[in-house]
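> Return a 3D structure for these sequence lines:
(one chain, ligands or ions: 1)
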Amino acid sequence: MPEIWAKSATEADPEGGPGAAKASVDLHLDLPPGPGTRVRRDLEAALRDAVRTGRLGPGTRLPSSRALAADLGLARNTVAEVYSQLVAEGWLTARTGSGTSVAERRAADLPRGAEPQNLPRPPRSGGTHPPGPPLDLRPGVPDLSAFPAGAWLATARKVLASAPRQLLDYPDPRGLPQLRAVLAGYLARARGVAADPGRIVICAGFAHGLAVTCAALRSAGAATLAVEAYGHQAHRDLAQAQGLRLRPLPVDGSGAVIGDAAGADAALLTPAHQFPLGVTLHPQRRREAARWGGVVIEDDYDGEFRYDRQPVGALQALAPDHVVYAGTASKSLAPTLRLGWLVVPPRLLDAVAAQLTAGPSGLDQLTLAEFIDSGGYDRQIRRARLAYRRRRDRLAAAVARQGRHVTGIAAGLHAVLDVPRVRTERQLITRAAGHGLALQGLESFRAPGAGADRAGLVIGYGRPPEHAYTTALARLCAVLDS
Ligand SMILES: Cc1ncc(COP(=O)(O)O)c(C=O)c1O
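Purely as a prediction, here's the structure:
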């Protein structure tokens, strides 16, 4: 079957009213080749199929019959009749002034003739979990339902309306000057970073910043990167992909044992809130790290979310000529933005800049700059900090009722619940899956070659939407209890 892209007209269409012109869509339909008398039936079938398989989701606006007819080379009446038929069958809805859309239906309401086995199904975690959607307490992602969509949208609209069209050109690979200037002020104020716009580089999230930094270090002759014994495998993979050899550093109650980094060229650390163990790097170790001499990559992924009364500033302030400070909007706003930033020591700046190609969209960069400048970012952080702190307290109280306790909770969006053995950790994760709850254990964060000194669950209490948190906690307690 040939694939046909039907791109509806963008000029105002009298049929759909002014709204229809705004909602112009590209429609991809599988139609049999050639002209024929069955064209109406084929179009009906193609549209039904697109709705049934979920390719055209509920609420999707369709092109006006005139536009679709023009795109497909059909009589307008044919398309109008097809739309009427599918409206009558319940697949589509037609409303004066807003044109024709895919009906808002649930699987159970499907019109007759649909084959339910072809419908996309929600993912199942298997086992015998109770009714209700699967829940997720794995770390790494904030509550996406708390994203300040209205404020972000208003800011983006303002930015787009007032920015020169030059903004739509390829952005400066180091990042837009406006965002670098605003970030310099914000990072100095909120994180104590010694920041200068000229040393700031915008990247597509921390992962991109890490890859760029590792590539720059490698190009400058570095061979070995010390990494904390527990961390993201994806980050270790990124460093290795740039040709760096890894050396795991033990993490104890005072944070990473920086003394063991002797001989390495650089070290990747999470000083404010070790990921995933949650310890804060002890002041003595901070001083050691600052004096160490190698390059420290400081991953300050959740530095804004600190709950105790002892704010821990960036390590970078102690040694701005040795520390590459890295921040991200993935926890404070949303990972999909792919917005992150580096503050780079002058001696590494050219090497890092040489690695930069395509960064985040200039529109998103300018929106973030305006969001920070207008106070929207700070408001969001304060709101989120309060909400996450409450969740943390509820988690701590819930496990305390079972005689357990969580650690690493002075900051961030996750906590660690130690268990005696790796085998117990695995059993709990499997059991949780049977209860419709996704959990992750320390084992999945341990660096290859690091000793298995601890076992436990890393509970990401930030991830579920607010309305699901109570159920997620109840399932967690049931799993721990059983
Ligand atoms: C330790 C750590 N660093 C950094 C990040 C953020 O990464 P990115 O900015 O690439 O989304 C996360 C988020 O999951 C994290 O857990």
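> Tell me, how many residues neighbour residue 282?
The tally of other residues near residue 282 (other Cβ atoms under 10 Å) stands at 16. C-betas here are computed from N, CA, C, even on glycine.
> for the residue lying closest to it once chain neighbours are set aside, what are its contacts?
Nearest residue to residue 282, sequence neighbours excluded (Cβ to Cβ, 6 or more residues apart in numbering): residue 254, at 3.6 Å. Going by Cβ atoms under 8 Å, 6 or more residues apart in numbering, residue 254 touches 279, 281-282, 284-285.
> Need the pLDDT of the residue positioned nearest the centre of the chain.
Centroid-nearest residue in the chain, with Cα atoms, centre = their mean: residue 335, separated by 2.3 Å. The score at residue 335 is 98. That number is its pLDDT.
> That one is in contact with residue 207, isn't it?
No - assessed by Cβ atoms under 8 Å, residue 335 is found out of contact with residue 207, at 9.6 Å.
> number of nearby residues for the nearest residue to residue 208 once chain neighbours are set aside?
Leaving out its chain neighbours, the residue that sits closest to residue 208 by Cβ to Cβ, 6+ apart is residue 340, at 6.5 Å. Neighbour count of residue 340, defined by other Cβ under 10 Å: 24.
> for residue 284, same thing?
By other Cβ under 10 Å, 11 other residues sit near residue 284.
> Also the one 3 residues further on?
Counted with other Cβ under 10 Å, the neighbours of residue 287 add up to 15.
> Quick check: the two most widely separated of the contacts of residue 254?
Pairwise distances across the contacts of residue 254 (Cβ to Cβ) peak at 13.2 Å, for the pair 279 and 284.
> Where does the residue lying closest to residue 160 once chain neighbours are set aside fall, secondary structure wise?
Nearest residue to residue 160, sequence neighbours excluded (Cβ to Cβ, 6+ apart): residue 363, at 6.6 Å. Using DSSP states H and E, residue 363 sits in helix 362-373.
> That helix close to the ligand?
No - Helix 362-373 does not reach the ligand (Cβ under 6 Å from any ligand atom); its nearest approach is 13.1 Å.
> Also stretch 430-450?
No - judged by Cβ under 6 Å from any ligand atom, stretch 430-450 makes no contact with the ligand; its nearest approach is 9.3 Å.
> about what we covered before: so the residue nearest to residue 208 bridges to which residues?
residue 203, residue 328 (DSSP bridges).
> What score does the residue in the stretch 1-150 of the chain that the ligand sits nearest to have for pLDDT?
Per Cβ to the nearest ligand atom, residue 140 is where the stretch 1-150 of the chain lies closest to the ligand, at 3.7 Å. Turning to residue 140, the model gives it a pLDDT of 94.
> residue ranges with poor pLDDT in the stretch 101-250 of the chain?
In the predicted model, the stretch 101-250 of the chain carries pLDDT under 70 at residues 105-133.
> Tell me the secondary structure of the residue of the stretch 1-150 of the chain closest to the ligand, please.
Of the three states, residue 140 takes coil under DSSP: H, G, I helix; E, B strand; the rest coil.
> for the protein, which helix is longest?
helix 376-400 (DSSP state H).
> Please identify the buried residues of that helix?
376-377, 380-381, 384-385, 387-388, 391-392, 395-396, 398-399 (16 or more other Cβ atoms under 10 Å).
> repeat for stretch 449-461
450, 454-461.
> Likewise for stretch 434-450?
Quick answer for stretch 434-450 (16+ other Cβ under 10 Å): 435-443, 445-447, 450.
> Now do it: distance from first to last residue.
Terminal residues of stretch 434-450 are spaced 30 Å apart (Cα to Cα, to the nearest Å).
> The stretch 1-150 of the chain: helices as residue ranges?
All helices of the stretch 1-150 of the chain, identified by DSSP state H, counting those that start in this stretch, fall at 17-22, 39-52, 65-72, 76-89, 149-162.
> dump the residue contacts of residue 481.
Per Cβ under 8 Å, 6+ apart, neighbours of residue 481: residue 402.
> How about residue 360?
By Cβ under 8 Å, 6+ apart, the residues touching residue 360 are 171, 202-204, 337-339.
> filter the residues you listed down to the ones near the ligand?
Applying Cβ under 6 Å from any ligand atom to the contacts of residue 360, none is adjacent to the ligand.
> and those residues as TSV, adding neighbour count?
What follows is the contacts of residue 360, written out as TSV (neighbours: other Cβ atoms under 10 Å):
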residue	neighbour count
171	21
202	27
203	28
204	20
337	21
338	19
339	27
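> Identify the residue nearest the residue nearest to the centre of the chain in space, chain neighbours excluded?
residue 141 (6.4 Å).
> so how far is residue 234 from the one you found?
With distances taken as Cβ to Cβ, to the nearest Å, residue 141 is found 13 Å from residue 234.
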